[in-house]
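Peer 1: Give me the fold of what follows.
(chains A and B)
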Amino acid sequence: DAMVIQNPRYQVTQFGKPVTLSCSQTLNHNVMYWYQQKSSQAPKLLFHYYDKDFNNEADTPDNFQSRRPNTSFCFLDIRSPGLGDAAMYLCATSRNTGISTEAFFGQGTRLTVV
Amino acid sequence: KQEVTQIPAALSVPEGENLVLNCSFTDSAIYNLQWFRQDPGKGLTSLLLIQSSQREQTSGRLNASLDKSSGRSTLYIAASQPGDSATYLCAVAGFQKLVFGTGTRLLVSP
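Peer 2: As a prediction, this is how the structure comes out:
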C-alpha cells in the first residue's frame, strides 16, 4: 500500500496560472519535504516542514510556497509557473529523531507548463 | 555545504555481471546514507539505508557499504538482471536534510 501519495501524477498548467500539487502520508511522520527534479539532474530540496515549522532553502524562488494544514497533508503552490518550472516534483517524509532519518518518497508529480 | 558525487554517470553491462556503483560526499558529518532506485518518469524507491555507525547493509542481491571517514559509499549489485535497469541515486542525510547525488544510469542488456 502506498504510504506517500502524490496527486495528481501528471499536471499540465498554463504559463503564469497558479497550480497546487498535493502530498499525503499515512506514516504519521513529522517531517515532510518537497523536492524538484529536472531531467537527468539530482532532486533538489525546495523546503521542508519539521512538524509545523517551515524551513525554506535559501535558493528556492519566491514563486514556490508550501502549506501543511495537518500532519498528513502538504501542498506545493507555484504562484506563477514559468517554463523553467517544468519538472518532476517529489514529496518525501521521514520520522526525524535526529538519529535515523530514513526518507520515503511518493511517486512524484510531473508538471508541464504550456 | 554537502556535495554528493556519483561515478560513473552511466553504465551498460550484460546480464549476469556483478557491478559496483560509487558515491562520494564531502562532509562526513552525516546521520545515514540511503540508496534509491528511480525508474524513468517515476518516484524514488528506497533500496538500502546505512546508519552512520554501520559499515554495510545487505538486501538480496544488493550490498551497500559506507566508509564515513573517507566520504564514500558503494552499492554492489550481484548477478545483474535486465530488471535492474534504472537510475540509482545515493543521498546523505544531515539534520533535517537529504542531499542527493546526480545518479548512475544503469542498463543491463539481456
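
Peer 1: all contacts plus neighbour counts: C-alpha atoms, from now on.
Peer 2: Will do.

Peer 1: Where does pLDDT dip in chain A?
Peer 2: Applying pLDDT under 70 to chain A picks out residues A:1-2, A:97-101.

Peer 1: switch the cut-off to 80
Peer 2: A:1-2, A:96-101 (pLDDT under 80).

Peer 1: Report the central residue of it.
Peer 2: residue A:34 (2.8 Å; Cα atoms, centre = their mean).

Peer 1: How far away from the center of its chain is stretch A:76-96?
Peer 2: 4 Å (Cα atoms, centre = their mean, to the nearest Å).

Peer 1: Output that stretch as PDB, restricted to C-alpha atoms.
Peer 2: What follows is stretch A:76-96, C-alpha atoms only, in PDB (Å, rounded to 0.1, in the frame of the first residue of the first chain):
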ATOM      1  CA  LEU A  76       3.200  22.800  -3.000                       C
ATOM      2  CA  ASP A  77       1.900  26.100  -4.500                       C
ATOM      3  CA  ILE A  78       3.500  27.600  -7.600                       C
ATOM      4  CA  ARG A  79       2.100  31.100  -7.900                       C
ATOM      5  CA  SER A  80       3.100  31.900 -11.400                       C
ATOM      6  CA  PRO A  81       4.600  28.900 -13.200                       C
ATOM      7  CA  GLY A  82       7.200  29.600 -15.800                       C
ATOM      8  CA  LEU A  83       8.600  27.300 -18.500                       C
ATOM      9  CA  GLY A  84      11.600  26.700 -16.300                       C
ATOM     10  CA  ASP A  85       9.400  25.200 -13.500                       C
ATOM     11  CA  ALA A  86       8.500  22.200 -15.600                       C
ATOM     12  CA  ALA A  87       9.900  19.300 -13.700                       C
ATOM     13  CA  MET A  88       9.100  16.300 -11.500                       C
ATOM     14  CA  TYR A  89       8.100  17.300  -8.000                       C
ATOM     15  CA  LEU A  90       8.800  14.700  -5.300                       C
ATOM     16  CA  CYS A  91       7.300  14.700  -1.900                       C
ATOM     17  CA  ALA A  92       9.000  12.700   0.900                       C
ATOM     18  CA  THR A  93       8.500  12.100   4.600                       C
ATOM     19  CA  SER A  94      10.700  11.000   7.500                       C
ATOM     20  CA  ARG A  95      10.400  10.500  11.200                       C
ATOM     21  CA  ASN A  96      13.200  12.600  12.200                       C
END
